[in-house]
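1. Predicted model and sequence follow; I will ask about them next.
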Amino acid sequence: MPGPSSLARRRFLTGGAAVGAGALLAACTSNESPQSAPQAVAGTAGQNAQPGKHVTIGFSAPAADHGWMAAMTKNARAQAGRFSDVTFTATEGTNDVNQQIAQVETLINQKVDVLVILPFDGKALTQAGQQAMDAGIPVVNVDRVFDTPLAYRTWIGGDNYRMGVNAGNYIAAELKRKGVGNPVIGEVAGIDSLPLTQERSQGFKDALAKNGFRVGPRVSAQFTPESGEQMTANLLQSASRLDALWNHDDDQGIGVLAAVDSARRSEFFLVGGAGSRNMMDLVKADSSVIKATVLYSPSMASSAIALARLLGQGKGIGDLAEHEIPATVTTYSAVVTKENVDSYADVAFDS
Amino acid sequence: MTKDSSSVLPEATQAPPPRAAPAARPVRGRFPLDARLAGLFGVFVLLCVVGWLTRPDAFFTEGNLSTVLRLAAAIGVVSVGMTFVIISGGIDLSVGSIVALSGVWATTLATQSFGPVVMVICALAVGLGCGLVNGVLVAYGRVVPFIATLAMYASARGLAERISGRNTQVVRQSGFLAFFRGDLLGIPVLIWMFAAVFVVGWVLLNRTTFGRRTFAVGGNTEAARLAGINVKRHTALVYGVAGLCCGIAALMVVARTTSGASTNGLYYELDAIAAVVIGGTLLSGGRGTLIGTLIGVLIFTVLGNIFTLNNLDTDIQNIAKGAIIVLAVLLQFRTRRRARRST
């Protein structure tokens, strides 16, 4: 018995050494500190910028599992850090609805002054929002909307339909400017089962129709670079000629661009979505097919924190006649092109 | 396919007699597998005909064929490794996560500044390392493969997310891209790599002691042990092979997408298992072919290609995928019953 077992142990140790060597190699070569790009922060000018009553803001969001969502949490934190009169209490991001409800309940029990909630699922988190409101804590609902306005004091989010509309209008205008007749317009959508994708596609379709155009080849990817590459590689085989292509999401856009590059195609122009730093840089350089990106910016998280602070201090928004913070704020899906890219650099996010 | 295989096996069609007289055919146990491979190949050819009929202008073009093969390359390489694991009687749920971790590790910025060779070594070492950890847990730690690789499934992707900071790491190493995205003798490097992995895998499985031991371990572990095979070491190595395949696939995905992201390789475990199973490899181990796996991968890739060429919704594609898997598994039950009866 001792023989074989010691042999086995030696083999096990050799294996361990190999794993250890791997770890060492990894330690030498793994990532350096991530680029410390400036996070989008809301403009804090005028009287509202003056330090006021101290406010504790509770924050709950889904897991930062891709660039856009990660930027939401980073932006919220960065914005809170700008105010000397704000204490920021964030819970760990989770995609488990039950856990997020528990987190919101914990924040309520801690008696924070204002809650900022980006629900993983708006419908499922509605009760939690309602509970906070009932406890006298105003809720700023970000992006994915609760089922009823009773569950939030203010909602701030993006406009998916208008994102599609603005992409469609930009593409139509460019094609008309170039005098292209009967254009072939492609679309690389995100996850088709999500309402946000359906809204974006509907807006795109409607805007093109208004201009007398229609969507040609269309694929749906998964918001990841790999799926973007796969779907676009097939799409490019399907259409021997394209005049324009709209891609819903800049993170999957890295893959879309790689597929375009592989197929050595450049007869069309590409429009992105969301507004990542990477795509804005490419738009600015103007050396590839990508000519524009339509914003759906995580800067809304910064604005949400700014609004939450004002709510906590009982102030309104400076330039409006209203005494109170508005009940809903919808951000605008601006089209970022080479001409205006510099003015949007501050809301670009690392995908 | 069902009809074919049963009509050439008249004794199997006599339903009631449970222990029908055997031995008209000495290799009867093997035969249904070959018949099913032929059937599977028929499905593949049929799909190609559908593709050609619906898009005669686009399907059989050089560009499209090259696209299909490049799309099949990464999942194909992963499926080669998965075939080894399943033949040895195991399962590997962590392949997609290992692809993500290897890819991210190879593309994090510091790694890139050491040059393409370091990136390649990193991806392969991380893949192999993760595979060996799986193997050691299964073989020496006596953890059930499902659980051991489930743990790796979760932790490898978690580590990939941590290392990448959940940012997509764009490859700035032009040497790496120039090689892996380039052509060799007019054929994309990715297709060469896929072919090489397949040929090496085939030789390893069918022409070496390692391959024979893999079948033996999966067929009957106790008999393999009594025959003098070091079952534990062999099992660990089989998972190592699967991990190494994931490392190679990670390089392919990184080259294709020009980036490493923690979302790479999503659902690869499901796609690879599906390809292996419809390729005729028994989930219970001991029997299988790499040719079947290859056809399985190609069927799914061509299916996706045809759907996109014809601008069809992807949800119907998923239904079609499901139907193919169910059909293949139903056939597998028939084969196994017949095989049992013949022994």
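-> Good, I have the coordinates.
2. how much space between B:Gly286 and B:Val217?
-> Between B:Gly286 and B:Val217 the computed distance is 8 Å (CB to CB, to the nearest Å). All C-beta atoms are positioned from the backbone trio N, CA, C, and that covers glycine.
3. more neighbours, the two?
-> Per other CB atoms under 10 Å in any protein chain shown, whichever of B:Gly286 and B:Val217 has more neighbours is B:Val217, with 27 against 19.
4. I figured that one hits B:Val231, correct?
-> Yes. Counting by CB atoms under 8 Å, B:Val231 is a contact partner of B:Val217 at 5.5 Å.
5. which residues do those two both contact?
-> Common contacts of B:Val217 and B:Val231, defined by CB atoms under 8 Å, 6 or more residues apart in numbering or on different chains, comprise B:Ala224.
6. Up against chain B, what does the stretch 201-350 of chain A have?
-> By CB under 8 Å from any CB of the partner chain, the residues of the stretch 201-350 of chain A that approach chain B are A:216-220, A:222-231, A:233-238, A:240, A:251, A:254-255, A:257-259, A:261-263, A:278, A:350.
7. hmm, 6 Å instead?
-> In this structure, the stretch 201-350 of chain A approaches chain B at residues A:217, A:219-220, A:224-226, A:229-230, A:233-235, A:237-238, A:254-255, A:258, A:350, judged by CB under 6 Å from any CB of the partner chain.
8. The closest residue to chain B within the stretch 51-200 of chain A - how many residues pack around it?
-> Here the residue of the stretch 51-200 of chain A nearest chain B is A:Ala70; by CB to the nearest CB that distance is 4.7 Å. Counted by other CB under 10 Å, the residues lying close to A:Ala70 total 22.
9. same deal with A:Glu92?
-> For A:Glu92, using other CB under 10 Å, the count is 12.
10. Tell me how far the closest residue to it other than its chain neighbours lies from A:Ala304.
-> Spatial nearest neighbour of A:Glu92, excluding adjacent residues (CB to CB, 6 or more residues apart in numbering or on different chains): A:Gln103 at 7.7 Å. Noted for A:Gln103: a distance of 17 Å to A:Ala304, by CB to CB.
11. Mind checking which of the two has more residues around it?
-> Per other CB under 10 Å, whichever of A:Gln103 and A:Ala304 has more neighbours is A:Ala304, with 30 against 22.
12. which element is the more buried one on?
-> helix A:299-313 (DSSP states H and E).
13. tell me how far that helix is from the chain's mean position?
-> 18 Å (CA atoms, centre = their mean, to the nearest Å).
14. name the helices or strands packed onto it?
-> If you count contacts as 3 or more CB pairs under 6 Å, 6 or more residues apart in numbering or on different chains; DSSP states H and E, helix A:299-313 packs onto strand A:55-60, helix A:67-82, strand A:114-117, strand A:139-142, strand A:154-157.
15. For A:Ser294, which three-state class applies?
-> Not Ser; residue A:294 is Val. strand (DSSP: H, G, I helix; E, B strand; the rest coil).
16. Distance check, it against A:Leu270.
-> For A:Val294 relative to A:Leu270 (CB to CB), the value is 12 Å.
17. what do you get for B:Tyr239?
-> Counting by CB to CB - B:Tyr239 and A:Leu270 are separated by 42 Å.
18. so which strand or helix has A:Glu187?
-> strand A:185-189.
19. and the next element down the chain from that strand?
-> Scanning onward from strand A:185-189 (DSSP H and E), the first element met is helix A:195-210.
20. CA atoms only for that next one - export them in PDB, please.
-> The C-alpha trace of helix A:195-210 is given here as PDB (Å, rounded to 0.1, in the frame of the first residue of the first chain):
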ATOM      1  CA  PRO A 195     -38.600  44.700 -24.600                       C
ATOM      2  CA  LEU A 196     -35.700  47.200 -25.000                       C
ATOM      3  CA  THR A 197     -34.500  45.400 -28.200                       C
ATOM      4  CA  GLN A 198     -38.100  45.300 -29.600                       C
ATOM      5  CA  GLU A 199     -38.500  49.100 -28.900                       C
ATOM      6  CA  ARG A 200     -35.200  49.900 -30.600                       C
ATOM      7  CA  SER A 201     -36.100  47.800 -33.600                       C
ATOM      8  CA  GLN A 202     -39.600  49.300 -33.800                       C
ATOM      9  CA  GLY A 203     -38.200  52.900 -33.700                       C
ATOM     10  CA  PHE A 204     -35.700  52.000 -36.400                       C
ATOM     11  CA  LYS A 205     -38.300  50.400 -38.600                       C
ATOM     12  CA  ASP A 206     -40.700  53.300 -38.200                       C
ATOM     13  CA  ALA A 207     -38.100  56.000 -38.900                       C
ATOM     14  CA  LEU A 208     -36.900  54.200 -42.000                       C
ATOM     15  CA  ALA A 209     -40.500  53.700 -43.200                       C
ATOM     16  CA  LYS A 210     -41.200  57.500 -42.800                       C
END
